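Asker: pasting the structure only:
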């Protein structure tokens, strides 16, 4: 594997942020790391990058501990993008290229008109595209991305995912965290973290497992949502459709009846978002 974790654990005092996590990313594979805020994803990534020492276990990059030399084979797109806002687009590329002793990469057509503009003056979508170019210009064997499409529009997200897939087709192993669950379909394999632990992996169906949700059909959807929310149920809206994750049908019907809401309640498979919400609540 280009990236691996062997029973990685990280503690901060009495708090365990990551507990006994093992994973691997093969060349040409795109692995999605999912989890709610506070699940331990960023701490895990920092250990894989060699930026944070583990309390126990090992992080391996291309079979070695992630020291300075082997990290030359790594591309990293942090959530903050890692760009220098007071340098121009071209200067950011030149600085990164000189660090790795590689030729300066060609800019994609959309960025060419901005090569002499300060990064601080670019839109978020253009900054994200530049962060990808900077991370990839030394042709890394492993690519790690922390929320790489956060804050950009659907078209920009699609373009960035095209770039990810192109790199994987060239043999780069990719590990990506995302809070856009619709992007999970872009990954070859998914890992789900909760409470610092790896709790499921595989396809979307594997991650959801036997978790169910309740689908509530009612004309009084606002009243249904308010009543269930007040009762501390994990309730969401899909248009005017009301859903409750990992709930007891009898209890939900009783809550609706007490609120004088006439409704049909049906049990359906949960979504990944609902599975994550259930895990977060349990932990």
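Answerer: Perfect, I can see it now. On a predicted model such as this, the values are computed, not experimentally measured, just so you know. Numbers count the residues shown, from 1 in each chain.

Asker: quick one: contacts for residue 17?
Answerer: Applying Cβ atoms under 8 Å, 6 or more residues apart in numbering to residue 17 gives the contacts 10-11, 40, 43, 196. No exception for glycine: its C-beta is placed from N, CA and C like everyone else's.

Asker: 7 Å - rerun?
Answerer: 10, 40, 43, 196 (Cβ atoms under 7 Å, 6 or more residues apart in numbering).

Asker: will you turn these into CSV that also has pLDDT, neighbour count and distance to residue 1?
Answerer: Converted to CSV, those look like this (pLDDT from 0 to 100; neighbours: other Cβ atoms under 10 Å; distance: Cβ to Cβ, whole Å):
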residue, pLDDT, neighbour count, distance to residue 1
10, 97, 22, 20
40, 92, 23, 20
43, 94, 21, 20
196, 93, 24, 22
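
Asker: Identify those among these that sit within helices.
Answerer: The helices, defined by DSSP state H, take in residue 43 from the contacts of residue 17.

Asker: Show me which of the contacts of residue 17 is closest to residue 104.
Answerer: residue 43 (33.6 Å; Cβ to Cβ).

Asker: So that closest one sits against residue 10, correct?
Answerer: Yes: counting by Cβ atoms under 7 Å, residue 43 touches residue 10, with 5.4 Å between them.

Asker: tell me, what's touching those two both at once?
Answerer: Common contacts of residue 43 and residue 10, defined by Cβ under 7 Å, 6+ apart, comprise 17-18, 52.

Asker: residue contacts, residue 242?
Answerer: Residue 242 is in contact with 216, 218, 221, 224-225, 235, counting by Cβ under 7 Å, 6+ apart.

Asker: now, which of these sits nearest residue 56?
Answerer: residue 235 (38.8 Å).

Asker: could you check the distance from the closest one over to residue 4?
Answerer: 39 Å (Cβ to Cβ, to the nearest Å).

Asker: who's more crowded, the two?
Answerer: Between residue 235 and residue 4, residue 235 has the larger neighbour count (other Cβ atoms under 10 Å), namely 24 against 18.

Asker: Look up how far residue 249 lies from that one.
Answerer: 14 Å.
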